[in-house]
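Student: show me how the following folds:
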Amino acid sequence: MAYEKEFLEIFGALMSQEFSKSAPKDTSLLANSFFNTMRIEGNTIKWSLPEYAEYVEFGTGIYGPKGKPIVPKEKKALAFKYKGNNVVVKSIKGQRANPFIRHTFNRKSGEIFKQALEIWKERFSS
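Tutor: Residues are numbered from 1 along each chain as shown. Okay, the predicted model is just below:
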């Protein structure tokens with residue numbers, strides 16, 4: 001089991017680098033969160049990302065899973081800061097999905113797997 005866990009740690013660390021490179025960089029919080037939150041549970045690699053990572057990956061409002069504009073639940077308007085400006089509106093369309101995690105995994109996982117396997121072999125061949 002130690003061999004498998006070691007491989008997953010190598011693969012996960014390399015994928016973390018790729019996810020971080022492709023993550024949106026508005027604040028860099030999401031990009032930086034891949035490095036310090038990765039863990040191995042059984043034979044699964046998991047990351048504890050900021051809550052908003054789901055909204056970035058899958059979209060919100062009309063662009064998200066619900067397909068409806070975002071409206072206030074208790075007030076007459078939505079109020080928030082956007083790029084340093086105060087904004088008050090009755091509804092917003094939402095944010096388009098930026099599926100950088102899925103795209104990066106689909107594009108890079110095969111290459112990263114090979115890299116991880118080479119590193120793993122070097123560590124355990126002696």
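Student: burial of L78, as a residue count?
Tutor: For L78, the neighbour count with other Cβ atoms under 10 Å is 15. Glycine gets a C-beta too; all of them are placed from N, C-alpha and C.
Student: I misspoke; the intended subject was E18.
Tutor: Neighbours around E18, by other Cβ under 10 Å: 19.
Student: and the contacts of the strand or helix carrying it?
Tutor: For E18, the host element (DSSP states H and E) is helix 2-22. Residues outside helix 2-22 that contact it (Cβ atoms under 8 Å, 6 or more residues apart in numbering): 31-32, 34-35, 38, 40, 43, 45, 47, 100-101, 103-105, 108-109, 112-113, 115-117, 119-120, 123-124.
Student: mind giving me the packing neighbours of the following helix or strand past it?
Tutor: Remark: after helix 2-22, the chain's next helix or strand is helix 29-36, criterion DSSP H and E. Helix 29-36 is packed against helix 2-22, helix 53-58, with contacts defined by 3 or more Cβ pairs under 8 Å, 6 or more residues apart in numbering; DSSP states H and E.
Student: run the last query once more with 7 Å
Tutor: For helix 29-36, the elements it packs on are helix 2-22, judged by 3 or more Cβ pairs under 7 Å, 6 or more residues apart in numbering; DSSP states H and E.
Student: tell me the buried residues in the helix it packs on?
Tutor: 6-16, 18-20, 22 (16 or more other Cβ atoms under 10 Å).
Student: I'm done for today, thanks for sticking with me.
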